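S.K.: how would this look folded up:
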Amino acid sequence: MDLGVSMKTLLLTEEHIKHLLSMDEAMDAVESAFKEKGLGHVQMPAKLYLFYKQHSGDLRAMPSYLEDLDISAVKVVNVHPENRVRYNLPTVMAVIVLIDPKNGAPLAIMGGTSITDMRTGAAGGIAAKYLARKSSKVVGFVGAGAQSKTQLLALLSLYGELEEVRVWSRTEKTRDQFVTEMGPVCGGSTEIVSVGNAKDAAEDVDIIVTTTPSRKPIVSANWISLGTHINCIGADAPGKEELEPSILTKAKIVVDDWDQASHSGEINVPLTKGIITKKDIWSEIGEIVAGLKPGRTASDEITVFTSTGLAIQDAVTAELAYKKALAKGIGSFIEIT
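M.R.: Numbers count the residues shown, from 1 in each chain. Got it, this is the predicted structure:
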């Protein structure tokens, strides 16, 4: 029987999304998603990959359902490191479809690039909340792209202010742009500096954030001080790694998801080579957020968070954007069902 019911789907562009989300809100949403995963209340198959080897890129499909929150979404996202040079396009672009679980209809179709940046930054902030020292004031960035900026926003949201921010990337132009753009965000009490090598960014800091697509280690073990926390963001596909593996052998390792991290996170290469095993992984971040395992337990611990990016992070952040857009009358509706 045809009931003649039409379903309107909200369209939100990247420009819309940029004006809808704050880092504080994104961190709250991502923390709740981690907790739900830790409690076992989510459905989240591992990412599906298509590898475009001749184009030096890949495409990923990421579905999820948070059962108790009744939130579901699917994201399609690419990673093409040469996009800026070849096509003047972002390295990462994404589209998210927010689904109504009760009937499977698409509630919204939205640009997912800003959401990806925000939710990944938020994940780094939540990891620091549970794994870094509460007194952390000096942060070093290895990589200065879009993701490093949202990582810094999250740390500023967590700590309020920082004493010093150091940034290194392969090109002086990129790191100088980071300083120019993020200096006003940090405020006058924060010294933000471009440094000439990765060692200067990583040595004698409280937190290191790595956001590069490197396939060979950039950060050396002898640079790492006791008590340092490291957010590993860049290694998100098989073969990628940013840390010298011996760092992991003396660190408390926390992953966002074991299945994803084991084949595409910072731990994937050391696992393949037998340098570490699954027994060396302390926990998933969701277990810590849910209170099932402790995070940092000593000031001199070296802690490492391996972020691969979870579909549940996208779902809760997309739901947040959707609700705020409805409340503010932002976006346009189409009928596609």
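S.K.: For the stretch 1-150 of the chain, which segments are assigned as helices?
M.R.: 14-18, 23-38, 83-87, 113-131, 146-159 (DSSP state H, counting those that start in this stretch).
S.K.: Can you give me every residue that contacts the nearest residue to E266 once chain neighbours are set aside?
M.R.: Closest residue in space to E266, ignoring its immediate chain neighbours: C232 at 3.9 Å, by C-beta to C-beta, 6 or more residues apart in numbering. Backbone N, C-alpha and C define where each C-beta goes, glycine included. Shown in contact with C232 (C-beta atoms under 8 Å, 6 or more residues apart in numbering): T210, E242, L243, G265, E266, V304, F305, T306, S307.
S.K.: out of those, which one sits closest to S22?
M.R.: Of all the contacts of C232, S307 has the smallest distance to S22: 20.3 Å, by C-beta to C-beta.
S.K.: and the least confident of the contacts of C232?
M.R.: Across these, the bottom pLDDT score, 93, is held by G265.
S.K.: could you point out where the stretch 1-150 of the chain is predicted with low confidence?
M.R.: Applying pLDDT under 70 to the stretch 1-150 of the chain flags residues 1-6.
S.K.: Correct me if wrong: L69 contacts E36.
M.R.: Yes - counting by C-beta atoms under 8 Å, L69 does reach E36; the two are 6.4 Å apart.
S.K.: Which one's more surrounded, the two?
M.R.: Neighbour count, other C-beta atoms under 10 Å: between L69 and E36, E36 has more, with 22 against 18.
S.K.: For G329, give me the pLDDT.
M.R.: Predicted confidence (pLDDT) for G329: 96.
S.K.: What distance do you get for it to G125?
M.R.: 30 Å (C-beta to C-beta, to the nearest Å).
S.K.: Which of the two has more residues huddled nearby?
M.R.: Shown here are G329 and G125; by other C-beta under 10 Å, G125 has more neighbours (27 against 6).
S.K.: can you give me the helices for the stretch 201-337 of the chain?
M.R.: Counting by DSSP H, counting those that start in this stretch, the stretch 201-337 of the chain has helices at residues 245-249, 258-264, 268-272, 285-289, 311-328.
S.K.: Check the offset of the longest one from the chain's centre.
M.R.: Okay, so that is helix 311-328. Relative to its parent chain, helix 311-328 has a centroid offset of 16 Å by C-alpha atoms, centre = their mean, to the nearest Å.
S.K.: any idea how far the residue nearest to E266 is from A33?
M.R.: Per C-beta to C-beta, C232 is found 19 Å from A33.
S.K.: how many other residues sit next to the closest residue to G121 other than its chain neighbours?
M.R.: Distances taken as C-beta to C-beta, 6+ apart put T150 closest to G121, at 2.8 Å, once the chain neighbours are dropped. By other C-beta under 10 Å, 24 other residues sit near T150.
S.K.: Tell me how far A29 lies from E284.
M.R.: Taken as C-beta to C-beta, the span from A29 to E284 is 18 Å.
S.K.: hang on, E301 packs against S225?
M.R.: No - taking C-beta under 8 Å as the definition, E301 is not a contact partner of S225, at 11.4 Å.
S.K.: okay, the two: which has more neighbours?
M.R.: E301 (18 against 13).
S.K.: got the contact list for the more buried one?
M.R.: So E301 contacts L226, G227, A251, K252 (C-beta under 8 Å, 6+ apart).
S.K.: cool, E161 as well?
M.R.: Contacts for E161 (C-beta under 8 Å, 6+ apart) come out as C186, G187, S189, T190.
S.K.: what does T317 give?
M.R.: Contacts of T317 were listed using C-beta under 8 Å, 6+ apart, and they are L21, A26, A29, V30, I115, M118, R119, A122.
S.K.: Ignoring the adjacent residues along the chain, who's closest to it?
M.R.: With C-beta to C-beta, 6+ apart, the residue lying closest to T317 is R119, at 4.4 Å.
S.K.: distance of that neighbour from Y87?
M.R.: Note on R119: its distance to Y87, by C-beta to C-beta, is 25 Å.
S.K.: Looking at the two, which one has more neighbours?
M.R.: Remark: of R119 and Y87, R119 carries more neighbours, 29 against 9, as counted by other C-beta under 10 Å.
S.K.: That one and A108, how far apart?
M.R.: From R119 to A108 the distance is 16 Å (C-beta to C-beta).
S.K.: again with K293
M.R.: Distance, K293 to A108, by C-beta to C-beta: 35 Å.
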